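# Just a sequence and a predicted model for now, questions to come.
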Amino acid sequence: MKYLCQDETRLGLKTIPGRLITAIGINPQGSHQWQRQSFYLYGVVEPLTRYSFFYKFSHLDNDFFQRFVELLSKDLGDAVAVLQLDQGRFHQANTLDWPKNIIPIFQTPHSPELNSIEQFWQFLKAQLQWQNCPALAQLCQRLTSLLSDTIIGTSVTGEAIREGIAIFQHSACIIPSKGKGTNYLQIGRGILLTPTVYTGRPQPSQNPLNSGIPGHL
């Protein structure tokens, strides 16, 4: 049995400000950009075992959250998890189909301090202060590096930002891969890992950024 803390956070190209160190009498200066492109990082952490699981989606809504819990359920395998959530509307939607191995529980309203992943979001965004990425692709690379290499206390974060799947349009196109003999299938606003030869309707699959190994906190 696992006890997981779940939440989402928005990340984008708009500069995250923070404190700057300067000499006495010198005003701090930071470079700021106002681009509004962004995405949402969905995640769970289990402080007791350092297990974590992250996926990046373009939007925050019922459909993407449903997809996230399905991917989480698959990653858990035979394990059963209690999933702590806030009382967001899409967390409690009547249309949600909860996997059998995930048991949701909802924390009291307006109490983010009860959720351990909130501290992780604060830490993650602190590492991104004053870092102006020119495009979302560069921001994703930076986040992947942080989740792979950044030391938190005595532990290391996981290896993955996992790309979400957004099926909002029927059109699709093949994007050539960079090695490993695999292509990405672009569907609407999301990215899906697919075999090199694309046939028929796209099916859910594993993470396009790594081998699918769950991250650890």
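Ah, there it is.
# residue contacts, the residue lying closest to G18 once chain neighbours are set aside?
Distances taken as Cβ to Cβ, 6 or more residues apart in numbering put Q129 closest to G18, at 3.4 Å, once the chain neighbours are dropped. From N, CA and C alone the C-beta is placed, and that goes for glycine too. Q129 is in contact with I16, P17, G18, counting by Cβ atoms under 8 Å, 6 or more residues apart in numbering.
# which residues in this protein form helices?
With helices called from DSSP state H, the chain shows them at 62-76, 116-127, 136-149.
# out of these, nearest to R10?
helix 116-127 (9.8 Å; Cβ to Cβ).
# Would you quantify the distance from the closest residue in space to Q35 that isn't next to it in sequence to L136?
Excluding the flanking residues, the one nearest Q35 by Cβ to Cβ, 6+ apart is L13, at 3.8 Å. To L136, L13 is 7 Å away according to Cβ to Cβ, to the nearest Å.
# could you dump the helices of the chain to TSV with distance to A93, mean neighbour count and mean pLDDT?
As requested, the helices of the chain are exported to TSV (distance: least, Cβ to Cβ, whole Å; neighbours: other Cβ atoms under 10 Å; pLDDT from 0 to 100):
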stretch	distance to A93	mean neighbour count	mean pLDDT
helix 62-76	5	19	95
helix 116-127	20	16	91
helix 136-149	27	16	86
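# For F106, which of those helices is the nearest?
The nearest among the helices of the chain, by Cβ to Cβ, is helix 62-76 at 13.6 Å.
# Which strands or helices does the closest one pack on?
strand 38-46, strand 51-57, strand 81-85, strand 102-106 (3 or more Cβ pairs under 8 Å, 6 or more residues apart in numbering; DSSP states H and E).
# Figure out which of those is closest to S145.
Among those, strand 51-57 sits nearest to S145 (Cβ to Cβ), with 13.3 Å.
# Confirm for me that A79 is in contact with P99.
No - if you go by Cβ atoms under 8 Å, A79 and P99 don't touch, sitting 11.4 Å apart.
# more neighbours, the two?
P99 (16 against 12; other Cβ atoms under 10 Å).
# Give me the distance between that one and T22.
From P99 to T22 the distance is 51 Å (Cβ to Cβ).
# for T108, same thing?
42 Å.
# and what of Q37?
30 Å.
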